[in-house]
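**Student:** coords below, sequence missing:
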């Protein structure tokens with residue numbers, strides 16, 4: 001009879017945190033926004049028009065695709081979407 005190898009116990013919380021890695025292209029898009037944004041409000045908001053102007057030519061995206069990218073960036077915790085204004089980069 002073969003002995004069955006026992007796998008070490010892994011805490012489920014640790015597994016969830018390990019899987020929550022941010023994709024590199026989202027980090028790249030956030031850095032690009034932070035570097036190229038010229039006009040910001042006092043509170044650090046980058047208007048949606050400027051966000052589109054920066055991200056669209058770099059990634060060749062439509063407005064809808066830029067919006068999907070922004071929501072993915074918000075879900076990853078990189079930006080905060082401010083309704084009717086723009087985005088604020090988190091952790092600046």
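**Tutor:** Okay, I see it. Model, not experiment: these values are computed from the prediction. Numbering: from 1, shown residues only.

**Student:** Okay, now the sheet partners of the helix or strand residue 81 falls within, with direction.
**Tutor:** Using DSSP states H and E, the element containing residue 81 is strand 79-82. Strand 79-82 has the following sheet partners, assigned by DSSP bridges: strand 86-89 (antiparallel).

**Student:** ok, back up a step: pull the residues that contact the strand holding residue 81.
**Tutor:** 30, 33, 45, 70, 71, 73, 74, 87, 88, 89, 90 (CB atoms under 8 Å, 6 or more residues apart in numbering). (Glycine included, C-beta is placed from N, CA and C.)

**Student:** helix/strand/coil for residue 43?
**Tutor:** Look at residue 43: counting by DSSP: H, G, I helix; E, B strand; the rest coil, its state is coil.

**Student:** Pull the contacting residues for it.
**Tutor:** The contact partners of residue 43, taken as CB under 8 Å, 6+ apart, are residue 88.

**Student:** please redo it, this time with the cut-off set to 10 Å
**Tutor:** If you count contacts by CB atoms under 10 Å, 6 or more residues apart in numbering, residue 43 has them with 82, 85, 88.

**Student:** re earlier: taking the contacts of strand 79-82 together, which two end up most distant?
**Tutor:** Greatest spatial distance among the contacts of strand 79-82 (CB to CB): 45 and 71, at 16.7 Å.

**Student:** Compare those two (neighbour count), which wins?
**Tutor:** Taking neighbours as other CB atoms under 10 Å, residue 45 and residue 71 compare with residue 45 leading, 19 against 12.

**Student:** give me the beta-bridge partners of the more buried one?
**Tutor:** As for beta bridges, residue 45 partners with residue 88 under DSSP bridges.

**Student:** Spit out the contact partners of it.
**Tutor:** When contacts are taken as CB under 10 Å, 6+ apart, residue 45 is in contact with 37, 39, 80, 81, 82, 85, 86, 87, 88, 89.

**Student:** Alright, calling it a day.
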